[in-house]
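[1] could you work out the structure for the sequence below:
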Amino acid sequence: MYVSRAKFARRLPVALTELTGPVHGTVDLPLHLAWSGLTRFDLDQPRLRMSLYRIVLAEGMHDDLVRYLNHELLTELWPVLRTLVSRDIRGAWEGAFPELAPGTSAVA
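    Sure, this is the predicted structure:
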């Protein structure tokens, strides 16, 4: 488990504010991320937005994370999103960014 968590931790941005991806509109993910199924996501549709974030968190490298994720949306989605990603992904993100951990609130 530690090796897998470390794999995800190496991909993380230094700060959540590095995540400058879109907040609205349609996003087309490249095949190296969305290699099975849907590749186009409308961020204004809650289910599609959540799906995009799950895929990018699981499959994305550092450059993908900062390109496709937005720090405000990630913080907003995290309470539910954390239950939909693997324990290793959750641990890596919450370990690096304590403001994402349950029981804490993000400070803007």
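[2] quick check: next helix or strand after the helix or strand hosting Ile55?
    Per DSSP states H and E, Ile55 falls inside helix 46-59. Sequence-wise, the next helix or strand downstream of helix 46-59 (DSSP H and E) is helix 62-68.
[3] how far off centre is that next one?
    9 Å (CA atoms, centre = their mean, to the nearest Å).
[4] show me what the next helix or strand after it is packed against.
    Later in the chain than helix 62-68, the nearest helix or strand by DSSP H and E is helix 71-81. In terms of contacts (3 or more CB pairs under 8 Å, 6 or more residues apart in numbering; DSSP states H and E), helix 71-81 is packed against helix 46-59. Where C-beta positions appear, they are placed from N, C-alpha and C, glycine not excepted.
[5] quick one: work out the angle between the helix holding Ile55 and helix 71-81.
    Orientation check (axes from the mean of the first three to the mean of the last three CA atoms, to 10 degrees): helix 46-59 against helix 71-81 gives 90 degrees.
[6] centroid residue for this protein?
    Nearest to the geometric centre of the chain sits Leu57, at 4.0 Å (CA atoms, centre = their mean).
[7] ok, that residue - contacts?
    For Leu57, the contacting residues are 65, 69, 81, 85, 89, 93, by CB atoms under 8 Å, 6 or more residues apart in numbering.
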